[in-house]
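Enquirer: for reference, the sequence and a predicted model appear below.
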Amino acid sequence: MGRKTRGYSTGPLSLLTMAHQEPKPATAEWVDHSGCGVVAMADRWLLDEFGQVWWADPNGWDPRPDDDIPVPVSEVKFWDNDALVTVSNELLYRTASGWRNLGPWPGGPSPAEKTTWSELKSEFK
């Protein structure tokens with residue numbers, strides 16, 4: 001059991017609960033590839049397993065074919081109604097004239113100049 005501090009439990013279950021209460025850094029939703037039907041939701045926009053986009057209207061499901069994604073759902077890592085990130089980290093953004101590929105994510109580690117440990121050590125002798 002977790003120790004109580006000022007009325008709050010510090011046990012493993014409470015730590016998991018606290019972790020789930022952290023704010024999300026972005027509004028795009030992770031795409032669930034394990035199921036069928038609706039695989040992602042952003043606000044009241046829904047993405048189904050076939051790449052079709054739907055609007056959750058109080059009167060029922062409203063299909064939005066102009067918003068359907070241009071890549072297979074299996075290639076989508078994050079999705080929002082106006083943008084998506086593929087598993088290869090390419091950003092696609094929906095504009096008034098259709099989807100636009102903004103290319104791969106430009107960040108990440110810089111390639112190393114030295115490829116072996118002995119080459120690296122020789123620079124510091």
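Expert: Sure thing, it's come through. Everything numeric here is computed off the predicted structure, so don't read it as measured data.

Enquirer: where do the helices sit along the chain?
Expert: Per DSSP state H, the chain carries helices over the ranges 12-20, 117-122.

Enquirer: which one of those has the lowest average pLDDT?
Expert: Lowest mean pLDDT of the helices of the chain: helix 12-20, a mean of 41.

Enquirer: give me the number of residues near Thr116?
Expert: Neighbourhood size, Thr116 [other Cβ atoms under 10 Å]: 8. Yep, even glycine has a C-beta here, placed from its N, CA and C like the rest.

Enquirer: what's near enough to touch Val39?
Expert: For Val39, the contact set (Cβ atoms under 8 Å, 6 or more residues apart in numbering) comprises Val31, Asp32, His33, Leu47, Asp48, Glu49, Val73.

Enquirer: same question for Gly37.
Expert: Contacts of Gly37 (Cβ under 8 Å, 6+ apart): Asp48, Glu49.

Enquirer: could you check the pLDDT of it?
Expert: Looking at Gly37, its pLDDT reads 85.

Enquirer: so, low pLDDT: which residues of this protein?
Expert: Within the chain, the segments meeting pLDDT under 70 span 1-30, 33, 35, 108-115.

Enquirer: mind running it again at 50?
Expert: 1-26 (pLDDT under 50).
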